[in-house]
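1. pasting the structure only:
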């Protein structure tokens with residue numbers, strides 16, 4: 001646990017936000033944010049905050065070595081677009097730059113591997129060769145996958161463009177440790193945020209918009225994700241092979257909705273907090289269950305991770321430049337690594353490979369994205385996503401396979417299945433399930449656009465903004481009430 005929700009909402013956030021509203025230079029506000037972010041992480045990970053600090057120091061040093069000799073002219077009064085036109089870079093003369101990059105990658109991935117995959121590798125060896133190597137039981141630092149990938153993106157970006165070297169260690173530390181997206185993303189590339197570190201403003205519009213976005217995420221977590229999670233947890237704890245297929249389908253659909261609303265809720269909250277403090281992070285979710293193909297799904301799901309793998313793995317492997325066969329192999333490698341990134345279990349790897357194989361099939365055999373009837377592609381995509389998430393949620397591949405088989409085979413309704421269905425499908429859960437399925441599509445965005453008077457054929461209207469503000473206030477109050485009575489329920493992606 002990084003912070004209990006109540007402490008975060010009623011103590012930490014108001015204090016940090018209040019300090020950043022003070023009329024002090026931006027560099028001072030950055031110092032506030034650094035100490036706040038370190039305290040935020042150390043509250044739940046007092047030892048592993050040292051690991052994050054070590055990561056920031058090591059990657060800062062690699063950035064300095066890789067950028068040594070570059071000259072950068074940057075007028076901080078220019079807009080970001082103008083700055084890009086006036087960046088001057090001389091080719092660095094630092095020797096062995098590629099060697100330095102390889103060492104940086106090995107250190108970062110190696111550290112991640114030790115903490116995240118040691119037990120998995122050793123247990124796999126024990127199972128394969130019937131050995132009994134003791135497992136060290138290394139605990140997983142919260143958010144290590146996220147801050148490691150951010151640190152790597154900084155080093156690789158500096159290798160590619162030495163002018164991106166940041167000579168200020170506090171700036172690099174702030175980038176890696178920033179609390180809004182520290183423990184569960186989105187993964188922010190340094191090149192996307194470097195200008196904002198020393199050139200940003202906390203405007204009233206940004207603050208109001210940020211609070212609204214934060215409230216939306218908090219409401220999604222408390223009233224949708226947690227409810228769907230309760231149903232999914234109950235069903236995934238059963239000996240599923242003994243139950244009717246409807247029980248399995250209910251569990252699978254509820255988990256698919258839980259993980260979407262849970263993870264997108266955290267992203268909403270992170271983006272909202274970013275706006276409150278003057279930062280602008282890229283979108284991480286664009287209603288993936290509205291996708292019409294698996295390829296389209298990954299253009300909308302965990303965008304920061306898919307774009308990271310595309311830029312730093314897929315393209316360096318050759319992308320689509322080396323023929324059709326090599327392109328599909330590169331995609332399978334990326335999806336395999338995506339599964340590995342999510343956790344030390346074969347279930348995650350299988351989840352990634354299901355998406356990878358479906359993506360390859362779409363490219364070579366079944367181009368569903370070209371169907372005129374988009375609803376067919378959407379049904380197919382949702383089906384693949386739901387089935388894949390069964391393995392993602394299952395503790396073992398065997399249980400995941402049994403769960404999927406039950407979804408398509410057990411037709412006989414018995415008393416225990418009926419009992420579970422009646423228990424889980426109460427009025428509140430049914431209503432939440434319907435709302436979740438509807439709002440998994442971009443319904444809210446369309447309603448918001450109309451309320452703001454931005455829908456096609458409408459003019460601006462102040463009443464719409466008032467309705468949105470009132471809705472946000474009500475949602476915030478309801479979420480606070482739920483927080484005060486609910487048990488601690490962490491975000492799913494905290495464990496990645």
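-> Ah, there it is. Everything numeric in this text was worked out from a predicted model, so none of it was measured.
2. report the contact partners of residue 340.
-> 117, 348-349, 352 (C-beta atoms under 8 Å, 6 or more residues apart in numbering). For the C-beta atoms, the positions are set from N, CA and C on the backbone; glycine is no exception.
3. ranking by neighbours, what's the top pick from the residues you listed?
-> Within the contacts of residue 340, most neighbours by other C-beta atoms under 10 Å means residue 352, with 23 neighbours.
4. what's the closest non-adjacent residue to that residue?
-> Sequence neighbours aside, residue 339 is the residue nearest to residue 352 in space, at 2.4 Å (criterion: C-beta to C-beta, 6 or more residues apart in numbering).
5. next, count neighbours for the one you found.
-> 24.
6. show me the shaky parts of this structure.
-> For the chain, the stretches with pLDDT under 70 are 1-6, 8-10, 69-95, 451-465, 485-488, 493-496.
7. ok, the residue nearest to residue 352 - contacts?
-> Residue 339 touches 348-353, counting by C-beta under 8 Å, 6+ apart.
8. what's the answer for residue 252, then?
-> So residue 252 contacts 386-387, 389-390, 403, 407 (C-beta under 8 Å, 6+ apart).
9. so where does the closest residue to residue 303 other than its chain neighbours fall, helix or strand?
-> Nearest residue to residue 303 in three dimensions, chain neighbours excluded: residue 284, at 5.3 Å (C-beta to C-beta, 6+ apart). For residue 284, there is no host helix or strand (DSSP states H and E).
10. what's the burial count for residue 284?
-> Residue 284: 26 neighbours (other C-beta under 10 Å).
11. now it: how far from residue 187?
-> Distance, residue 284 to residue 187, using C-beta to C-beta, to the nearest Å: 9 Å.
12. grab the nearest non-local neighbour of residue 67.
-> residue 165 (2.4 Å).
13. actually, residue 305.
-> That would be residue 187: by C-beta to C-beta, 6+ apart, it lies 5.9 Å from residue 305.
14. how about the secondary structure of the one you found?
-> At residue 187 the chain is in coil, as set by DSSP: H, G, I helix; E, B strand; the rest coil.
15. do residue 207 as well
-> Going by three-state DSSP: residue 207 is helix.
16. chain neighbours aside, what residue packs nearest to it?
-> Closest residue in space to residue 207, ignoring its immediate chain neighbours: residue 276 at 5.3 Å, by C-beta to C-beta, 6+ apart.
17. likewise for residue 226?
-> Nearest non-adjacent residue to residue 226 (C-beta to C-beta, 6+ apart): residue 489, at 5.4 Å.
18. sec struct for that neighbour, please.
-> coil.
19. distance of it from residue 228?
-> 12 Å.
20. that older thread, of the contacts of residue 252, closest to residue 199?
-> Closest approach between these and residue 199, by C-beta to C-beta: residue 389, at 40.5 Å.
21. packing partners of the helix or strand harbouring residue 107?
-> For residue 107, the element it lies in under DSSP H and E is helix 97-129. Where contact means 3 or more C-beta pairs under 8 Å, 6 or more residues apart in numbering; DSSP states H and E, helix 97-129 is packed against helix 48-67, helix 144-160.
22. okay, the ones you listed in JSON lines with mean neighbour count and distance to residue 103 next?
-> Output for the helices and strands packed on helix 97-129, formatted as JSON lines (neighbours: other C-beta atoms under 10 Å; distance: least, C-beta to C-beta, whole Å):
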{"stretch": "helix 48-67", "mean neighbour count": "20", "distance to residue 103": "8"}
{"stretch": "helix 144-160", "mean neighbour count": "24", "distance to residue 103": "10"}
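23. could you dump these into a markdown table and include distance to residue 105?
-> Listed next are the helices and strands packed on helix 97-129 as a markdown table, based on distance: least, C-beta to C-beta, whole Å:
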| stretch | distance to residue 105 |
| --- | --- |
| helix 48-67 | 10 |
| helix 144-160 | 7 |
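24. can you check which of those helices gets nearest to residue 319?
-> helix 144-160 (15.2 Å).
25. would you map the helices across the stretch 251-400 of the chain?
-> 294-300, 303-309, 315-317, 324-342, 346-364, 374-393, 397-409 (DSSP state H, counting those that start in this stretch).
26. looking at those helices, spot the one closest to residue 268.
-> helix 303-309 (13.4 Å).
27. quick one: contacts of the closest one?
-> 149, 153, 185-189, 282-286, 298-299, 334, 337-338, 341.
28. hmm, 7 Å instead?
-> 149, 153, 185-187, 282-285, 298, 334, 337-338 (C-beta atoms under 7 Å, 6 or more residues apart in numbering).
29. which two from these end up farthest apart in space?
-> 283 and 337 (22.5 Å).
30. end to end, how far does stretch 129-147 reach?
-> 35 Å (C-alpha to C-alpha, to the nearest Å).
31. could I get the buried residue list for stretch 399-408?
-> By neighbour count with 16 or more other C-beta atoms under 10 Å, stretch 399-408 contains the buried residues 399-400, 402-404, 406-407.
32. make a markdown table from those residues and add distance to residue 449 to it.
-> Listed next are those as a markdown table, based on distance: C-beta to C-beta, whole Å:
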| residue | distance to residue 449 |
| --- | --- |
| 399 | 43 |
| 400 | 39 |
| 402 | 44 |
| 403 | 39 |
| 404 | 38 |
| 406 | 41 |
| 407 | 37 |
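33. residue 324: which of those residues is nearest?
-> Of all the buried residues of stretch 399-408, residue 324 sits closest to residue 404, with 30.5 Å by C-beta to C-beta.
34. pretty sure the closest one sits against residue 387.
-> Yes - with contact defined as C-beta atoms under 7 Å, residue 404 counts as touching residue 387 (6.0 Å).
35. count of neighbours near residue 381?
-> Residue 381: 24 neighbours (other C-beta under 10 Å).
36. residue contacts, the residue lying closest to it once chain neighbours are set aside?
-> Nearest non-adjacent residue to residue 381, counting by C-beta to C-beta, 6+ apart: residue 291, 4.9 Å away. By C-beta under 7 Å, 6+ apart, the residues touching residue 291 are 297, 300, 378, 381.
37. let's go with 10 Å and repeat that
-> Residue 291 makes contacts with 297-301, 369, 374, 377-378, 380-382, 385, as judged by C-beta atoms under 10 Å, 6 or more residues apart in numbering.
38. before we move on, the earlier item: just the buried residues out of the contacts of helix 303-309, in PyMOL syntax.
-> Restricted to buried positions by 16+ other C-beta under 10 Å, the PyMOL selection for the contacts of helix 303-309 reads:
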select buried, resi 149+153+185+186+187+284+285+298+334+337+338
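39. ok, the residue nearest to residue 152 when sequence neighbours are not counted - contacts?
-> Among residues not flanking residue 152 along the chain, residue 108 sits closest, at 5.0 Å (C-beta to C-beta, 6+ apart). By C-beta under 10 Å, 6+ apart, the contact list for residue 108 reads 55, 58-59, 62, 147-149, 151-152, 155-156.
40. using TSV, lay out the helices of the stretch 251-400 of the chain together with distance to residue 38.
-> Rendered in TSV, the data for the helices of the stretch 251-400 of the chain read as follows (distance: least, C-beta to C-beta, whole Å):
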stretch	distance to residue 38
helix 294-300	33
helix 303-309	23
helix 315-317	33
helix 324-342	25
helix 346-364	30
helix 374-393	32
helix 397-409	39
